[in-house]
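Peer 1: coords please:
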Amino acid sequence: MQEHVLQQDLACDDLPVLRERGQREVFCGLTGIIWLHRKIQDAFFLVVGSRTCAHLIQSAAGVMIFAEPRFGTAILQDRDLAGMADCNDELDRIAGELLARRPDIRTLFLVGSCPSEVIKLDLAKAAERLTAAHAGRVRVLSYSGSGIETTFTQGEDQCLKALVEHLPEEPAAAHSLLVVGSLPDIVEDQFQRQFDAMDVGPVRFLPARQSSQMPPIAPGTPFLLAQPFLGETARALEARGARHLPAPYPFGVEGTLAWLRAAAQVFGCTEERLAQVTEAPVRRARQALARYRSTLEGQRVSFLPDSQLEIPLARFLHRECGMALGEVGVPFLDRRLLAGELPQLPRDVRLVEGQHVDEQLDRVRADRPDLTVCGLGLANPLEAEGLRTKWSIELVFSPVHGFDQAADLAELFARPLLRKERLAV
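Peer 2: Numbering: from 1, shown residues only. Next comes the predicted model:
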């Protein structure tokens, strides 16, 4: 019954929104490199920025500095910023040395840590120049991971948007489905098996695991978003004629079922066939979820804006785990991409777009929710005040999409509450 309710309420998205503009506490878009370099296995991410950015990317990624990773930093020195050196020549030299040392690199991303006006480099033109210089050997693309322009999940959006322009053309008759958003390989394989069982396909994923396997698209190619923070990528795909399939995101049983149904309806898969294919995984997922519902049910949760996953996760926790929602904050609200999610939130939720960190912390202290989902920088202070927290960045790194991961997703929220019980005197 609940799945049908998901579809019937899709037009109700008129929740009031409190908009705030003030100090923000979020990671920058460079953070996306941490999961993107694992996904695109023959790509290299060269961050063009300061020594601070180098420290962030090395420490946040947990990479040994003496290893040969698939990302690095071209550090801008005072001499570069003062115009005493030609930054373009320096960048060309570093890129040339890197490609000579690493013949396995097939796509090189130049990632700006700050806007072009600050780093004094036009990375888009640099990418064109390097592509021409290394034609046939490597493709060079650029995007911004600047904290001024992006929150941390928008780094993936900018990366995929840069790829869209270079996706090959597909014959119109091929009629494939494109799934957009970086997913762990194990989750991607699970979805592929479910689409195959539904006779939906061929199904391709963006990004692909290898640069040579990036998916082709054609005018009319339907695509499903696996992540709610890919607005720029979606618009770039639509500019090439692809067609977005609106759907809730595949978190929890309800979200995954509705997401699969959106593809089934386009490819002629009947509701009966969908039910047959999903019956066993839905049953297993609901049984596994029941273990954590007793811990989560009735508990109050608030989200501070960070990952852009807040609204789909709030829907999952409220509808499938019985949690009460306090405040749900998002860095920015894209109503079009969240059209399948907003109607599923309760009418009394406090929905906030943007951030004024002091005022949001005041509201958290006044509400005193049982669990606050927030960024790393705010978690420890709130814990010191006796509030339980969950790092939102952990929800981006962990496999949480699909039926088989529904209980794992619930467990991530249950852990802080169980820890509180165990530590109680």
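Peer 1: from what I can see Arg204 touches Leu177, true?
Peer 2: Yes - between Arg204 and Leu177 there is a contact under Cβ atoms under 8 Å: 7.3 Å. Where you see a C-beta, it was placed from the backbone N, CA and C, and this is true even at glycine.
Peer 1: Quick check: buried residues in stretch 234-248?
Peer 2: Using 16 or more other Cβ atoms under 10 Å as the test for burial, stretch 234-248 gives Ala234, Ala236, Leu237, Ala242, His244, Leu245, Ala247, Pro248.
Peer 1: repeat for stretch 145-165
Peer 2: Buried-residue list, stretch 145-165, by 16+ other Cβ under 10 Å: 145-147, 150-164.
Peer 1: What sits closest to Cys314 if chain neighbours are left out?
Peer 2: To be clear, residue 314 is Ala; Cys isn't right here. Val328 (4.7 Å; Cβ to Cβ, 6 or more residues apart in numbering).
Peer 1: in the sheet, who's paired with the one you found?
Peer 2: Phe303, Leu351 (DSSP bridges).
Peer 1: gap between it and Asp367?
Peer 2: Using Cβ to Cβ, to the nearest Å, we find Val328 at a distance of 12 Å from Asp367.
Peer 1: What of Ala74?
Peer 2: Counting by Cβ to Cβ - Ala74 and Asp367 are separated by 45 Å.
Peer 1: Just confirm Gln265 is within a helix.
Peer 2: Yes - counting by DSSP: H, G, I helix; E, B strand; the rest coil, Gln265 is part of a helix.
Peer 1: so what's it up against?
Peer 2: Residues in contact with Gln265 (Cβ atoms under 8 Å, 6 or more residues apart in numbering): none are found.
Peer 1: Go again with 10 Å.
Peer 2: Val200, Pro222, Leu245, Ala247, Glu271, Leu274 (Cβ atoms under 10 Å, 6 or more residues apart in numbering).
Peer 1: Of all pairs in those, which one is the farthest apart?
Peer 2: Maximum pairwise distance in those, criterion Cβ to Cβ, is 18.3 Å, between Pro222 and Glu271.
Peer 1: Give me the more crowded residue out of these two.
Peer 2: Pro222 (18 against 10; other Cβ atoms under 10 Å).
Peer 1: for the more buried one, what are its contacts?
Peer 2: Applying Cβ under 10 Å, 6+ apart, the residues near Pro222 are 175-178, 200, 242-245, 262-263, 265-267.
Peer 1: taking the contacts of Gln265 one by one, which sit in strands?
Peer 2: Mapping those onto strands (DSSP state E) picks out Pro222.
Peer 1: quick one: which of the contacts of Gln265 is nearest to Arg19?
Peer 2: Set against Arg19, the nearest of these by Cβ to Cβ is Ala247 (26.2 Å).
Peer 1: Nearest to Leu382 among the buried residues of stretch 234-248?
Peer 2: Nearest to Leu382 among these: Pro248, at 29.3 Å, using Cβ to Cβ.
Peer 1: Comparing Ala74 and Asp367, which residue is more hemmed in?
Peer 2: Neighbour count, other Cβ under 10 Å: between Ala74 and Asp367, Ala74 has more, with 23 against 15.
Peer 1: Read off the pLDDT value for the more buried one.
Peer 2: Looking at Ala74, its pLDDT stands at 70.
Peer 1: Pass me the low-pLDDT residue ranges in the protein, would you?
Peer 2: The chain contains residues with pLDDT under 70 at 1-13, 58-73, 75-85, 117-118, 149, 172-174, 424-425.
Peer 1: quick one, strands of it?
Peer 2: Under DSSP E, the chain gives strands at 17-21, 43-49, 71-75, 107-112, 139-144, 177-180, 203-206, 222-225, 243-244, 300-303, 324-330, 350-355, 371-374, 389-391.
Peer 1: quick one: buried residues of the first one?
Peer 2: Residues of strand 17-21 classed as buried by neighbour count (16+ other Cβ under 10 Å): Glu20.
Peer 1: So in that sheet, which strands flank it, and in what orientation?
Peer 2: strand 350-355 (parallel).
Peer 1: Off-centre distance for the partner strand?
Peer 2: 19 Å (Cα atoms, centre = their mean, to the nearest Å).
Peer 1: can you check stretch 192-211 too?
Peer 2: 19 Å.
Peer 1: how far does that stretch stretch from start to finish?
Peer 2: Distance between the boundary residues of stretch 192-211 (Cα to Cα, to the nearest Å) amounts to 19 Å.
Peer 1: Begin at 10 from now on, thanks
Peer 2: Okay, residue one is now 10; in that scheme the one you just asked about reads as stretch 201-220.
Peer 1: how much space between the closest residue to Thr242 other than its chain neighbours and Gly411?
Peer 2: In space, Thr242 comes closest to Leu169 once its chain neighbours are excluded; the distance is 4.2 Å by Cβ to Cβ, 6+ apart. From Leu169 across to Gly411, the span is 20 Å (Cβ to Cβ).
Peer 1: can you check Ala297 too?
Peer 2: Per Cβ to Cβ, Ala297 is found 12 Å from Gly411.
Peer 1: out of the two, which sits in the busier spot?
Peer 2: Comparing Ala297 with Gly411 by other Cβ under 10 Å, the one with more neighbours is Gly411, at 28 against 18.
Peer 1: Thanks a lot, catch you later.
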